[in-house]
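Enquirer: here is a sequence together with a model predicted from it:
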Amino acid sequence: MVSDNLARLREITENLPKFPPKLFDCGGKAGHVMDAGSSVATHLYTSPETSAALWNSPAGTEFPEHAHGQTEFLIVITGSMELRIDGKVQTLRRADCTRLDPDTLHDASFSEDCLYYAITIPECDSWPSPPE
């Protein structure tokens, strides 16, 4: 019974929508093109235990619904974002922080330019690679 439940959980989480693929990844920066707009992430730190990146999402950018296999923390530096989780909208502004549990479906939109930190535990391999 437990192994059946674990197998079903694995199947569900493996089929969650993933973050849009990288358009480029070089020099410690990665670019992602969304259905609306684009975002650039700058590598800050990577270890097997964590990843940290500085994201720049211009006004008009919309992240599609997706999930990460890691715990994710978002900390807004400037601007704002609207984060949607389970149909509920949370507006994050300068100095606001939120935590997303692993495999939480979410999307985000940006009505103004937004600079923010994103930190995952453990490492997120879809984020920018360290500069060479």
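Expert: Perfect, thanks for sending it.
Enquirer: mind listing the helices for this protein?
Expert: 2-14 (DSSP state H).
Enquirer: now the longest strand that the chain contains: buried residues?
Expert: Using DSSP state E to define each element, the chain has its longest strand at strand 38-47. Going by neighbour count (16 or more other Cβ atoms under 10 Å), the buried part of strand 38-47 is 39-44, 46. Where you see a C-beta, it was placed from the backbone N, CA and C, and this is true even at glycine.
Enquirer: now for residue 109: which residues touch it?
Expert: 61-63, 81-82, 84 (Cβ atoms under 8 Å, 6 or more residues apart in numbering).
Enquirer: again, but for residue 52
Expert: 44-46, 117-120.
Enquirer: now the two most distant members of those residues.
Expert: 46 and 117 (13.9 Å; Cβ to Cβ).
Enquirer: where in this protein is pLDDT low?
Expert: 1-3, 5-6, 8-27, 30-35 (pLDDT under 70).
Enquirer: in terms of secondary structure, what does the longest strand of the chain contact?
Expert: Strand 38-47 sits against strand 29-33, strand 50-57, with contacts defined as 3 or more Cβ pairs under 8 Å, 6 or more residues apart in numbering; DSSP states H and E.
Enquirer: tell me how far it lies from the chain's centre.
Expert: With Cα atoms, centre = their mean, to the nearest Å as the basis, strand 38-47 stands 10 Å off its chain's centre.
Enquirer: quick one, that strand and strand 50-57 angle?
Expert: Strand 38-47 runs at 160 degrees relative to strand 50-57, counting by axes from the mean of the first three to the mean of the last three Cα atoms, to 10 degrees.
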